[in-house]
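Engineer: 3D model of this:
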Amino acid sequence: MIQIQKTTLEGSVAVELTTPVLRLVAVTDFGPRLAHLSLAGGENLLFWKPGKMRRGAWDLRGGHRVWAAHPGADESEDSYAPDNAPCELEIFGDGFRVTGATCPLNATRRGFAVRAVSADRLEVENFLTNAGNMLYCAGVWALTCTLPGVGARYAIPLGDGSAWDNFSLVHFRTWGGQGKGGFHDPQIAVGDETLVVTPRGVENKRMIQAPRGIFAMSDAARALTFAKKVDWRPGEAYPLNTNLAFYIGPDNFMVEMESMGPSRTLKPGETLRHPETWVLRKGAVAVEKAAPLMKLFA
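Structural biologist: Coordinates of the predicted model:
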């Protein structure tokens, strides 16, 4: 049974979606942000610490957020536009929609619509709307700040299984003056079928072209698996030709599971949508082979 109700989270106005398997909470005082994701009765799998990490007026807070990725400059000053104003909330039969206030920097509105597909599966449609009277060009960038348990591993199936099978991987030594892991990082292993991340608290990130679009967190200590899936559209304009990315925070304070959609020019009033499918279930999945990860979405 799916239940949706207004609630509060740490003093913030919020909306809660529950199924027999999971609990999801979005705050509406600011953002938009999905602030809590857990198995029913379990602990939050998302990093959520408002006020801990700031860049000027922008507050990371954590959870799940939506950014605009500019062609050729996916991380720009626009990315850090403050989203501190109240959001609009709409509740419908099997889900809800949260829409942020108009950003004064670029006249866009960002948000997400969440719908329960089954007890352990959600559809999270991230979106970006041009609320101004000029053109705006960007892609939707969806970032989920997870809180890794002890020994948690993250995995992305590689390639498409075709007779001409390849993928692109963007390495970083530093970005914006950040980064410690460098190009050769033992936290990151490229296998024959999957890229596996075993976070050890050294700050680093990568961007990956993943035709299967699957990104999973396998947490044996907490006996659970959380995974996201997005589309890959060959030939369209993705950031550095990649659709997935991850960020390992210092001391493992979080691992970001990121997905990016292709960019598009939006006329006034147009909306660009970037859907993700989320799965959360009991039991840690094996990450060395692609098949168990793909089976999550079968």
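Engineer: Could you measure from T146 over to S218?
Structural biologist: From T146 across to S218, the span is 11 Å (CB to CB, to the nearest Å). Heads up, the C-betas are built off the backbone N, CA and C, glycines and all.
Engineer: Likewise for V114?
Structural biologist: V114 sits 23 Å away from S218, taking CB to CB as the criterion.
Engineer: same check, this time on P199
Structural biologist: Distance of P199 to S218, computed by CB to CB: 12 Å.
Engineer: Same question for H184.
Structural biologist: With distances taken as CB to CB, H184 is found 24 Å from S218.
Engineer: Comparing these two, which shows the higher neighbour count?
Structural biologist: S218 (22 against 8; other CB atoms under 10 Å).
Engineer: for the more buried one, what are its contacts?
Structural biologist: 152-155, 225, 284-287 (CB atoms under 8 Å, 6 or more residues apart in numbering).
Engineer: which of those residues are buried?
Structural biologist: Neighbour-count burial (16 or more other CB atoms under 10 Å) is assigned, among the contacts of S218, to 152-155, 225, 284-285, 287.
Engineer: Closest one to G95 out of those, please.
Structural biologist: T225 (22.1 Å; CB to CB).
Engineer: Identify the residue nearest that closest one in space, chain neighbours excluded?
Structural biologist: V285 (4.6 Å; CB to CB, 6 or more residues apart in numbering).
Engineer: list the contacts for that neighbour?
Structural biologist: The neighbours of V285, taking CB under 8 Å, 6+ apart as the test, are 216, 218, 225, 227, 292-293, 296.
Engineer: how about these in CSV, adding secondary structure, pLDDT and distance to E16?
Structural biologist: Listed next are the contacts of V285 as CSV, based on DSSP: H, G, I helix; E, B strand; the rest coil; pLDDT from 0 to 100; distance: CB to CB, whole Å:
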residue, secondary structure, pLDDT, distance to E16
A216, strand, 99, 25
S218, strand, 99, 26
T225, strand, 99, 22
A227, strand, 99, 22
P292, helix, 98, 31
L293, helix, 98, 29
L296, coil, 98, 24
